[in-house]
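Asker: Sequence first, then the predicted structure:
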Amino acid sequence: MDERTMREIYTSAFEYVVKQAKPWTVMASYNKIDGTYMTENHQYLINLLRKEWGYEGMVVSDWAAVHDRVAVIKGGCALTMPSDTAHDNLLVEAVKNGNLEETVLDERCMEILELAFRCQENEKQGEYDYEKAHEAAVRIASESMVLLKNENHILPLAPSAKLAFIGKFAAESRYQGSGSSRVNPYRVTSVLEASDVKEKCNIVYAEGFGFGQEPDEEKEAEAVKAAKEAEIAVIFAGVPEVMESEGFDRWCMKLPVCQNQLIEKICEVQPNTIVVLQNGGVVEMPWVSKPKAILEAYLGGEGAAEAIWNILTGTVNPSGRLAETFPGKLEDNPSYLFWPGEGDRVEYPEGVYVGYRYYETKKMNVLFPFGHGLTYTEFAYSNLEVSQGKIEREFYESDGEIQVSVDVKNIGTCPGKEVVQLYIGVLPLTMDVKRPVRELKGFQKVSLEPGETQRVDFTLTKREFAIWDKGCHAFRVPGGRYQIQIGKSVQDIVLSADIDAADEYLPESRVYNIMTPVCDIRKNPIGEAFLSRIMPTINAIIERMGKSNVEMPYAELMPGTMGLEAEPLQTIMRMVPQISEQEWEAFFAEINQ
């Protein structure tokens, strides 16, 4: 990936965690970046992680991610996992023959020892409360699930409704991933068990489909019959473990054939159909317009089944929001043409246009946008206030802050939680840097009773407006017009306010010459001062051009100097012959020093 993409997208989340949460350990991954294994990558583990971000903890390898013990120590990874004592002699030999400095080996040893002592000092005593933890698991799952669709307020379910539960996932919830993500839960129930425990509902169950791909005609017929005779059909679908696990990538975003086929058939005979999805990532929904409601439950942990039942019955008002875009099909994805790469090389040419940044900038239709999620109540937004409408250059030098506040009111009939999302958008053609039309910069979840209003506050800094400048290898703010946008999703922006930002200048490693555009010269304080000195002469020339009937060079720049901004400096040199060659040479020498 290019430097800007790496900094803005892929390392920024790690940077935030390292600086804010100050973790004790960081794991180095399996893959190479720019040809070097991450466990050996001095640029990332030492220069970036420790020197730039100030990390003080220990780096551990992923399991079997170490290929060269000496290179790993030099690269900044202290602990090799699993144990590799059989090759400890390689470190001893490397120190003896001068291939590894003993002080570097000591640094890695000290990082391990400091972690061990730190853990010992913070050892906690006491008994674990499994029931309390399970209650927390149910609560967290209930707040994380996303109600994607709810036509005619079919949800929450009426207590007296005659229901048909369909699908293997109703009897055997998929609540966790596979491989290293698998854990031993304290207690797990299915949705069928949760419904029997909490309500004596009128429920008929039909398996309909299993965890394979191929349809079973007998099971399908039984499920269609049950759905037709019920008042409401609830289909529990999802991605089975065999299609989604650690150790391999998904090659498609489709549900198994048997599931898609049965959903279509049931929607034909039962207009009141609800689909509940249990999956670890995005799926295609060729039937999306047919069911009245869709609940994305994801892999909700040991409390998933109870959480699903709580949401279906209205015991819990859903408040989860999508942290990803659901595109219409796999081919819509910005990485589709480039994944999985060729040989051992994978490129990320989509750059900063990842996920919603791509779909929004291209104005593409999607199934469900980033940030989307419904509730059983309604919220209204008002009184957006931004502490300033302009950002001057002094703001960058003083680590300034911008305060944003907005009122959120529950205008519905039941208590609920709203996720207030703050995006920073850019207006096209107001800046000379390509960037997504909007990016999420903050969010808060607020709990409101019917009729209650709450003021929600955000604090923005320079970083929220900045891009990574490859010329100066640092974050800086491009000048232009920005918008503070408050939204219910990335597509549903309800309030906005403009902010005009001055261009932030940082010394950069570039060479200015006669073909450098005027707008780029102006960004440099030396260039701005030089242009300001000669602009009166240029304006006088343009004024004379305007009064003359004789065609003159550069008359197309009339009636003002706006067109000059995109012209190379060579145009200025030709317009103002009064400036000597020696003066130009002195200017270039100063600005390029």
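Answerer: Okay, I see it.
Asker: Pull up the gap between K74 and A28, please.
Answerer: 13 Å (CB to CB, to the nearest Å). For every residue, glycine as well, the C-beta is placed using N, CA and C.
Asker: who's more crowded, the two?
Answerer: A28 (25 against 20; other CB atoms under 10 Å).
Asker: Beta-bridge partners for the more buried one, please?
Answerer: Bridge pairing for A28 (DSSP bridges) gives the partners S61.
Asker: OK, contacts around it?
Answerer: 38-39, 41, 45, 59-62, 65, 77 (CB atoms under 8 Å, 6 or more residues apart in numbering).
Asker: Repeat the analysis, applying 7 Å as the threshold.
Answerer: Counting by CB atoms under 7 Å, 6 or more residues apart in numbering, A28 touches 38-39, 45, 59, 61-62, 65, 77.
Asker: Nearest to Y128 among these?
Answerer: D62 (27.6 Å; CB to CB).
Asker: Need the phi and psi values for the closest one.
Answerer: Reported as degrees, to the nearest 10, the phi and psi values for D62 are phi -70, psi 160.
Asker: which residues does it contact?
Answerer: 27-30.
Asker: Distance to E123 and pLDDT added to the residues you listed, as a markdown table?
Answerer: Output for those, formatted as a markdown table (distance: CB to CB, whole Å; pLDDT from 0 to 100):
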| residue | distance to E123 | pLDDT |
| --- | --- | --- |
| M27 | 22 | 97 |
| A28 | 26 | 97 |
| S29 | 29 | 94 |
| Y30 | 31 | 93 |
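Asker: which residues sit against stretch 77-91?
Answerer: With CB under 7 Å, 6+ apart, stretch 77-91 has contacts from 28, 39, 45, 58-61, 63, 66, 69-70, 72-73, 100, 105, 108, 111-112.
Asker: Kindly export the longest helix along the chain (C-alpha atoms) in CSV.
Answerer: Secondary structure of the chain read by DSSP state H shows that its longest helix is helix 525-547. Provided in CSV are the C-alpha atoms of helix 525-547 (Å, rounded to 0.1, in the frame of the first residue of the first chain):
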residue,chain,number,x,y,z
PRO,A,525,5.2,31.0,3.3
ILE,A,526,8.2,32.0,1.2
GLY,A,527,6.2,31.6,-2.0
GLU,A,528,3.2,33.4,-0.6
ALA,A,529,5.4,36.4,0.4
PHE,A,530,7.0,36.5,-3.0
LEU,A,531,3.7,36.3,-4.8
SER,A,532,2.2,39.0,-2.6
ARG,A,533,5.0,41.3,-3.5
ILE,A,534,4.5,41.0,-7.2
MET,A,535,0.7,40.7,-7.3
PRO,A,536,0.2,44.5,-7.6
THR,A,537,2.2,44.5,-10.8
ILE,A,538,0.2,41.5,-12.1
ASN,A,539,-3.1,43.1,-11.2
ALA,A,540,-2.1,46.3,-13.0
ILE,A,541,-1.2,44.3,-16.1
ILE,A,542,-4.5,42.5,-16.1
GLU,A,543,-6.4,45.8,-15.6
ARG,A,544,-4.7,47.2,-18.7
MET,A,545,-5.5,44.1,-20.6
GLY,A,546,-9.2,44.5,-19.7
LYS,A,547,-9.3,48.1,-21.0
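Asker: Remind me what the following helix or strand past that helix packs against, helices and strands.
Answerer: Once helix 525-547 ends, the next helix or strand along the chain (criterion: DSSP states H and E) is helix 569-575. Contacts defined by 3 or more CB pairs under 7 Å, 6 or more residues apart in numbering; DSSP states H and E place helix 569-575 against helix 518-523.
Asker: can you pull the buried residues of the helix it packs on?
Answerer: Buried residues in helix 518-523, counted by 16 or more other CB atoms under 10 Å: 518, 520-523.
Asker: Let me see the mean pLDDT of the strand or helix carrying F236.
Answerer: If you go by DSSP H and E, F236 is part of strand 232-238. Mean pLDDT, strand 232-238: 97.
Asker: The following helix or strand past that strand: which residues count as buried?
Answerer: Once strand 232-238 ends, the next helix or strand along the chain (criterion: DSSP H and E) is helix 257-269. Judged by neighbour count (16+ other CB under 10 Å), helix 257-269 contains these buried residues: 258-263, 265-267.
Asker: Next, the residues that contact helix 257-269 from outside, please.
Answerer: Applying CB under 7 Å, 6+ apart, the contact partners of helix 257-269 are 166, 208-209, 212-216, 220, 223-224, 227-228, 233, 235, 237, 273, 275, 286-287, 290-291.
Asker: Show me just the buried residues among those residues.
Answerer: Here, 16+ other CB under 10 Å leaves 166, 208-209, 215-216, 220, 223-224, 227, 233, 235, 237, 273, 275, 287, 291 buried among the contacts of helix 257-269.
Asker: Looking at those residues, which are in strands?
Answerer: Among the buried ones among the contacts of helix 257-269, DSSP state E puts 166, 233, 235, 237, 273, 275 in strands.
Asker: quick one: the third one from E590, how far?
Answerer: I take that to be I235. According to CB to CB, I235 and E590 sit 71 Å apart.
Asker: try the last one
Answerer: When CB to CB is the yardstick, V275 and E590 sit 67 Å from each other.
Asker: just the first one next, same as before
Answerer: Taking CB to CB as the criterion, I166 is separated from E590 by 76 Å.
Asker: can you give me the helices in the stretch 51-200 of the chain?
Answerer: 69-75, 88-96, 102-121, 130-144, 168-171, 191-198 (DSSP state H, counting those that start in this stretch).
Asker: which of those sits most buried?
Answerer: helix 168-171 (a mean of 24; mean count of other CB atoms under 10 Å).
Asker: Tell me which other helices or strands that one touches.
Answerer: Helix 168-171 packs on helix 191-198, strand 232-238, going by 3+ CB pairs under 7 Å, 6+ apart.
Asker: Now render these as JSON lines, adding distance to Y482.
Answerer: Shown next, in JSON lines, are those (distance: least, CB to CB, whole Å):
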{"stretch": "helix 191-198", "distance to Y482": "46"}
{"stretch": "strand 232-238", "distance to Y482": "40"}
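Asker: among those, which is nearest P23?
Answerer: Of all the helices and strands packed on helix 168-171, strand 232-238 comes closest under CB to CB, at 32.1 Å.
Asker: so what's the closest residue to R393 other than its chain neighbours up against?
Answerer: Here the nearest residue to R393 in space, its sequence neighbours aside, is A502; by CB to CB, 6 or more residues apart in numbering that works out to 5.0 Å. By CB under 7 Å, 6+ apart, the residues touching A502 are 391-393, 479.
Asker: Now, of these, which are buried?
Answerer: 391, 479.
Asker: from the contacts of A502, which ones fall inside helices?
Answerer: Per DSSP H, the contacts of A502 map to helices at R393.
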